[in-house]
Structures are given as C-alpha cells and as structure tokens.
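Undergrad: pasted the sequence and its predicted model underneath.
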Amino acid sequence: MFRGGNTVKLDAKGRLALPTRYRGDITERYDGRLVLTVHDDGCLMLYPQPEWETIERKLVGTPNQERRTRNMQRMLLGYATEVEMDGNGRILISPRLRERADLDKTVALIGVGKKFEIWNEEAWENICNGWMGGRDETDDRPNPLDSLVL
C-alpha cells in the first residue's frame with residue numbers, strides 16, 4: 001500500500017525520484033515497472049504495472065454506449081504510458097503527460113493505496129484547502145463506472 005504525501009522535485013529532463021521507502025518494494029514486487037496515465041481531476045496516476053493491467057481489463061470490458069464512458073476509456077488508455085524505475089529510483093514523465101497535469105519543477109506525490117497521484121503542487125494545495133474548508137465538490141449524476149475502482 002502506498003500512503004502519505006511528499007513534495008518532490010522534477011529534474012530538467014522531467015524525471016521524478018520516488019521516495020526511498022517505496023523503491024525496494026516497487027523493485028522487488030513489480031520489477032520497477034509502472035504505468036502513468038491521466039485523471040480527469042487534473043493529476044497523473046502512477047500504478048504498478050500489474051495493478052494497471054487489472055484496471056485496463058475492466059476499462060476495456062466496460063460497455064461504452066455513453067459518451068462519458070467512451071471519453072474516460074480514451075483518456076485513461078490513450079495516455080497510459082509504461083515507465084520503468086531506474087537504478088536511482090526515478091521515473092521519466094513525458095512532456096505530454098507533464099503538460100496535461102501542468103507539472104513544473106515541484107510536484108505533490110500522494111500515495112493512495114494501490115497507486116500514486118502526481119499533482120501540480122499549487123493545485124494539490126488548493127484541493128486540500130477546499131476539502132479542509134468543506135468546499136469539496138460532488139457530482140450527483142449516475143455513472144456506469146461507479147463500480148469500477150480506479
């Protein structure tokens with residue numbers, strides 16, 4: 001399980017160093033193989049490859065008659081990028097993904113169970129401040145993906 005938050009610097013090439021406490025587990029359990037993709041909240045999601053493959057199968061198997069479902073499948077699968085942790089515990093985030101999540105030099109890396117979320121630091125602070133202030137937005141529309149755990 002990944003948990004907790006860290007402020008992490010991206011280097012000039014767009015590499016992000018994962019916190020030391022996760023590196024051994026990622027290397028041993030997943031051979032350093034991870035998958036990055038986008039989320040409609042504006043962040044990136046970083047999954048160990050086997051965890052991503054489970055989600056990918058569910059996404060592909062979800063009926064997509066509704067536009068919202070098709071768009072989610074297109075975005076999550078279309079932006080999915082395999083990355084490998086190097087010997088220094090870094091992953092390379094492509095310019096395309098950095099641009100999509102508005103990532104600059106400093107990012108928030110948030111452990112949320114089976115994945116990490118990678119946020120623009122300012123956007124993350126705004127979300128935290130809104131949530132702490134009781135301004136969390138909700139969407140009451142029914143969604144066929146409600147049963148799908150990302």
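TA: Ah, there it is. Residues are numbered from 1 along each chain as shown.
Undergrad: only C-alpha atoms for contact and neighbour calcs from this point on.
TA: Fine.
Undergrad: centre-most residue in this structure?
TA: Met45 (0.6 Å; Cα atoms, centre = their mean).
Undergrad: surely it is in contact with Lys115?
TA: Yes: Met45 is within contact range of Lys115, at 6.7 Å (criterion: Cα atoms under 8 Å).
Undergrad: all helices of this protein, in order?
TA: Here the chain has its helices, by DSSP state H, at 20-30, 49-61, 67-79, 95-100, 121-132.
Undergrad: what's the shortest one packed up against?
TA: Put plainly, it is helix 95-100. Counting contacts by 3 or more Cα pairs under 8 Å, 6 or more residues apart in numbering; DSSP states H and E, helix 95-100 packs against strand 33-38.
Undergrad: got the CA coordinates for the strand it packs on in CSV?
TA: What follows is strand 33-38, C-alpha atoms only, in CSV (Å, rounded to 0.1, in the frame of the first residue of the first chain):
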residue,chain,number,x,y,z
ARG,A,33,7.6,-1.5,-14.0
LEU,A,34,4.9,1.2,-13.6
VAL,A,35,2.2,2.8,-15.7
LEU,A,36,1.4,6.5,-15.8
THR,A,37,-1.9,7.9,-17.0
VAL,A,38,-4.1,11.0,-16.6
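Undergrad: contacts made by that strand with the rest, please.
TA: 26-27, 44-49, 52, 75-77, 79-85, 97, 100-101 (Cα atoms under 8 Å, 6 or more residues apart in numbering).
Undergrad: any weak-confidence spans in the protein?
TA: Counting by pLDDT under 70, the ranges of the chain that qualify are 134-146, 149-150.
Undergrad: Gly89 is nearest to which of the helices of the chain?
TA: Closest approach to Gly89 among those is made by helix 20-30 (6.1 Å; Cα to Cα).
Undergrad: hang on, the earlier thing: not counting its neighbours along the chain, what's nearest the residue nearest to the centre of the chain?
TA: Distances taken as Cα to Cα, 6 or more residues apart in numbering place Glu117 nearest to Met45, at 4.6 Å, with adjacent residues excluded.
Undergrad: tell me how far stretch 93-103 lies from the chain's centre.
TA: On the basis of Cα atoms, centre = their mean, to the nearest Å, stretch 93-103 is displaced by 12 Å from the centre of the chain it belongs to.
Undergrad: name the residues of that stretch that are buried.
TA: Ile93, Leu97, Arg98, Arg100, Ala101, Asp102, Leu103 (16 or more other Cα atoms under 10 Å).
Undergrad: understood, closing this out.
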